[in-house]
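S.K.: Here you go, sequence then predicted model.
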Amino acid sequence: MTFELQHTDAGSAARAGRITTAHGPIETPIFMPVGTLGTVKGVHQRELKDDIGAQIILGNTYHLYLRPGLEILEKAGGLHRFNGFDRPMLTDSGGFQVFSLTGIRKLSREGCEFRSHIDGSKHFFTPEKVMDIERTIGADIIMAFDECPPGTADFSYARKSLDLTHHWLECCEKRFSETFPKYGYEQSLFPIVQGCVYKDLRRESARFATGFNADGYAIGGLAVGEPAEVMYEMIEEVNDILPQDRPRYLMGVGTPVNILEAIARGVDMFDCVMPTRNGRNAMLFTADGILNMRNAKWATDFSPVDATSTCFVDSNYSRAYLHHLFKSKELLAMQIASIHNLAFYLRLVKEARRHIMADDYSSWMADMLPRLSRRL
C-alpha cells in the first residue's frame, strides 16, 4: 500500500490524498461503508460500486470469524472472492466487539476470552490469532487488536487499557511480520491509537504507534460516549504527532458533521454504520438537513428526497413514495434509504476533497455545518 499526500487546505489541516492498494486506488478523504458480515446490509455489490461510488468497504473480524468461519473463507480464496467485491477492503480487529461484549468477556495480558453472541460458545482471541484471522479474511488493510475503553472511563482504567493495547500491538506486529499473505497480494497493518479522553495518554499512544513505521494509523476509542468537542480535541492531539505522509483513519465516526469537523483536523478515512442503520429506521441525510420519512408531512411531498443528488434513488423516488413504503413496512424502504444515505456520505467526502483542492474548505464547511444539523 502507498499513500500520496496531494494537497493540504490553506485554511485548515484538511488533506486530499490517494491510497493505492492491490485492489485499486482510494481517493481521500473517504467514507467506507460497513459490511459487517461480508455485506453492506440491503445493498448489492453493483449498487455499492456503480450507484454509491464506494471505493473501499469494511468487514468485521469478530463476526466473520463466527460466521461463515475461517474454513469457508479460506476455501473461497478470501473475502474478496467470497462476496464478489473486487475493490479494496479493510477489516477491524474485533477490539470494538471486545468493548461491546462487557459481561460475557474476560480480558488478560494474553488476550480476550468471550462467548459467542450466536450460540454462547467460548472463544479466545490473542493478538496473534487475530492476525491469523485477518490474514485469512484477506483485506487489504487490517487493524491491530486493541481494547476500546468507554468514553467515560477514569484515568486509572484508561491507563491499564492503554498498556494492554500497546502490548497487544507489539504482539500483532511480530506475528504480522513473521507471516505472509495468503492470496497473492500484500496487506497493510494499521496500529490503533487509544487513550480515552486523556491528552497525555493520547499523545503517548500516538508516539508509541509511530514507532512501528506502519503504512497508516487508526484513531480508536472515540464517539463512545464522550462529548463531540472532546473527541475533536483528541483528534488534534493525535494528528499533531502522527506522520504527515501516512493516512489517518478515525474509526466508527460518525455523523456528517463529525466527519467534516474531523477532516478539518487532518483525518483521511472514516467508517460508520449510521448511514445504513439510521436509513433502515427511516432517517435520511441530505445536504439541507435530516428527514424522518415516517413523518406525516411527507405523505404528499412528491419532490426528490434530496434535490441536490444525482443518485438514482433521488432521481426515481419521491419523499411521498418513501414515506408510503416505510408506513407500509415494505423492505424496499430500507434498501432505498440505505443506498441514499451511503451515496450522500460518499458525495459529501468527494465534495470535501474538491474544496480542499480549491483551498476553500473552511468556508465551505462553515456553510455546510448548520445545514447538515437541522431537522426538516
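M.R.: Looks like it came in fine. No experiment lies behind these values; they were computed from the predicted model shown.

S.K.: thinking residue 14 is in contact with residue 261, fair?
M.R.: No - using Cβ atoms under 8 Å, residue 14 makes no contact with residue 261, being 10.2 Å away. C-beta coordinates here come from the backbone N, C-alpha and C atoms, glycine included.

S.K.: Look at the two and report which has more neighbours.
M.R.: Each of residue 14 and residue 261 has its neighbours counted (other Cβ atoms under 10 Å); residue 14 has more, 28 against 20.

S.K.: in this structure, which helix or strand is least confident?
M.R.: Within the chain, no helix or strand scores below helix 95-100, which has a mean of 69 by mean pLDDT, DSSP states H and E.

S.K.: after it comes which helix or strand?
M.R.: Going down the chain from helix 95-100, the next helix or strand is strand 105-107, by DSSP states H and E.

S.K.: for the helix or strand following that next one, which positions count as buried?
M.R.: Moving toward the C-terminus from strand 105-107, the next helix or strand (DSSP H and E) is strand 112-115. Neighbour counts over strand 112-115 (16 or more other Cβ atoms under 10 Å) mark 112, 114 as buried.

S.K.: how many other residues sit next to the residue nearest to residue 202 when sequence neighbours are not counted?
M.R.: Distance criterion Cβ to Cβ, 6 or more residues apart in numbering; nearest residue to residue 202, sequence neighbours excluded, is residue 195 at 3.8 Å. Per other Cβ under 10 Å, the neighbour tally for residue 195 reads 27.

S.K.: What of residue 251?
M.R.: Residue 251 is flanked by 28 other residues according to other Cβ under 10 Å.

S.K.: and the helix or strand hosting residue 366, what other elements does it pack with?
M.R.: Secondary structure assignment for residue 366, by DSSP H and E: helix 361-373. Helix 361-373 is packed against helix 256-264, strand 289-292, helix 331-357, with contacts defined by 3 or more Cβ pairs under 8 Å, 6 or more residues apart in numbering; DSSP states H and E.

S.K.: wouldn't the residue nearest to residue 202 be in contact with residue 162 here?
M.R.: Yes - contact criterion Cβ under 8 Å: residue 195 and residue 162 qualify, at 5.6 Å.

S.K.: if I look at these two, which residues touch both of them?
M.R.: 201, 204-205 (Cβ atoms under 8 Å, 6 or more residues apart in numbering).

S.K.: quick one: which of these is most hemmed in?
M.R.: Within the shared contacts of residue 195 and residue 162, most neighbours by other Cβ under 10 Å means residue 205, with 28 neighbours.

S.K.: Residue 41 belongs to a strand?
M.R.: No - Residue 41 is assigned coil when assessed by DSSP: H, G, I helix; E, B strand; the rest coil, not a strand.

S.K.: distance of it from residue 236?
M.R.: Applying Cβ to Cβ, to the nearest Å, one obtains 33 Å for the distance of residue 41 from residue 236.

S.K.: next one: residue 281
M.R.: 32 Å.

S.K.: More neighbours: which of these two?
M.R.: residue 236 (16 against 13).

S.K.: Leaving out the residues flanking it, which one is nearest to the more buried one?
M.R.: Once flanking residues are discounted, residue 236 sits nearest to residue 265: 5.4 Å by Cβ to Cβ, 6+ apart.

S.K.: and residue 218, that's in a strand?
M.R.: Yes - judged by three-state DSSP, residue 218 forms part of a strand.

S.K.: in the sheet, who's paired with it?
M.R.: Beta bridges link residue 218 to residue 192, residue 249 when assigned by DSSP bridges.

S.K.: dump the residue contacts of it.
M.R.: Per Cβ under 8 Å, 6+ apart, neighbours of residue 218: 143, 190-193, 248-251.

S.K.: one more time with 10 Å, if that's ok
M.R.: For residue 218, the contact set (Cβ atoms under 10 Å, 6 or more residues apart in numbering) comprises 90, 92-93, 95, 141, 143-144, 146, 190-194, 209, 242, 247-252, 269.

S.K.: One more: residue 56?
M.R.: Counted by Cβ under 10 Å, 6+ apart, residue 56 has contacts 19, 21, 23-26, 30-33, 85, 87-90, 139-141, 269, 271.

S.K.: repeat that with 7 Å
M.R.: Residue 56 makes contacts with 26, 30, 32, 87-90, as judged by Cβ atoms under 7 Å, 6 or more residues apart in numbering.

S.K.: and the spatially most distant residue from the centre of the chain, backbone torsions?
M.R.: Using Cα atoms, centre = their mean, the residue of the chain lying farthest from its centre is residue 300. It sits 35.9 Å away. Per-residue torsions, residue 300: phi -120, psi 20 (degrees, to the nearest 10).

S.K.: Please name the spatially closest residue to it (chain neighbours excluded).
M.R.: Among residues not flanking residue 300 along the chain, residue 320 sits closest, at 5.9 Å (Cβ to Cβ, 6+ apart).

S.K.: The strand or helix carrying the one you found versus helix 331-357: what angle between them?
M.R.: Using DSSP H and E, residue 320 sits in helix 319-327. Counting by axes from the mean of the first three to the mean of the last three Cα atoms, to 10 degrees, helix 319-327 lies at 130 degrees to helix 331-357.

S.K.: What is helix 319-327 packed up against?
M.R.: In terms of contacts (3 or more Cβ pairs under 7 Å, 6 or more residues apart in numbering; DSSP states H and E), helix 319-327 is packed against helix 331-357.

S.K.: what's the helix it packs on packed up against?
M.R.: Counting contacts by 3+ Cβ pairs under 7 Å, 6+ apart, helix 331-357 is packed against strand 15-21, strand 30-32, helix 256-264, helix 274-280, strand 283-286, helix 312-316, helix 319-327, helix 361-373.
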